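In: Any chance you could fold what I've pasted below:
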Amino acid sequence: MHDKDLESKCQGFNNEKFLALKNSHQGVPVVLFSRAAMYTDTSRGNSYRVYFPGKEHLTGQSFADTYAAEYTKVVCAIAENRPVYIVKPIPEMLFNIYKGLNLHKRIFQYSSDITVSLQDYERRTRVANHAIEVAAKQCNAKVIDPTPYLCPNGQCMGSRDGVPLYYDDNHLVDAGNEQLKGLFNGIIEQI
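Out: Okay, the predicted model is just below:
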């Protein structure tokens, strides 16, 4: 990270959690949720891109390969003592859904749903999803895909019938969580 104080806090937090996973509750499954795509995608101008020590300027396939290798190391370390389930990234919207729906209704006097194409989601998450697939294969983890639930008919829903599914651009609200019913079928019983 560019902010070294924040980097130190982040690494400390991660090290504490990895140590706890290594030494406690062995055999208890772990479900990994993350915004992995946010760290690999610069198209939206976020400042959270991942850098690797000594390889700060990697781009393209070199970056993707390094990211997948580092991600796999983390997943395999967790999977040494327990089953691991990795949830692919939840689709992120281009802007705050609540604000977008309210603004649209005020301007146009009617409700309209907000969506992002599945193709755009796949393009944005390509590097992250590749890393997830590599890690799952090498670490014997299982992948859980939320897109069949959130992206029917090739459109990832930010709202449904005028009801927001997100609080902002990336946090699901109860109505969004309801769309994921069935996502963990067959997994929870195994745990």
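In: And the helices in this structure, which stretches?
Out: 4-23, 60-79, 97-108, 118-124, 126-139, 147-150, 174-179 (DSSP state H).
In: just these: most buried one?
Out: Counting by mean count of other C-beta atoms under 10 Å, helix 126-139 has the highest mean neighbour count of the helices of the chain, with a mean of 20. (Glycine included, C-beta is placed from N, CA and C.)
In: if we can go back for a sec, and the helices of the chain, which one averages the lowest pLDDT?
Out: Note on the helices of the chain: helix 97-108 shows the lowest mean pLDDT, a mean of 80.
In: Endpoint to endpoint, stretch 52-59 covers what distance?
Out: With C-alpha to C-alpha, to the nearest Å applied, stretch 52-59 spans 11 Å between its terminal residues.
In: Buried residues, that stretch. List them.
Out: Buried residues in stretch 52-59, counting neighbours by 16 or more other C-beta atoms under 10 Å, are found at Leu58.
In: tell me the mean pLDDT over that stretch?
Out: 77.
In: which residues are contacting that stretch?
Out: Residues from elsewhere that reach stretch 52-59 (C-beta atoms under 8 Å, 6 or more residues apart in numbering): Thr66, Glu70.
In: go with 6 Å
Out: Thr66 (C-beta atoms under 6 Å, 6 or more residues apart in numbering).
In: With adjacent residues omitted, what lies nearest to Asn96?
Out: Sequence neighbours aside, Asp168 is the residue nearest to Asn96 in space, at 4.7 Å (criterion: C-beta to C-beta, 6 or more residues apart in numbering).
In: Surely that neighbour is in contact with Phe95?
Out: No. Using C-beta atoms under 6 Å, Asp168 is not in contact with Phe95, being 8.6 Å away.
In: Residues in a beta bridge with Val116, which ones?
Out: Counting by DSSP bridges, Val116 forms beta bridges with Cys156.
In: ok so, going back, switch the helices of the chain over to TSV; also include distance to Ile86.
Out: Below are the helices of the chain laid out as TSV (distance: least, C-beta to C-beta, whole Å):
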stretch	distance to Ile86
helix 4-23	14
helix 60-79	7
helix 97-108	25
helix 118-124	17
helix 126-139	5
helix 147-150	14
helix 174-179	19
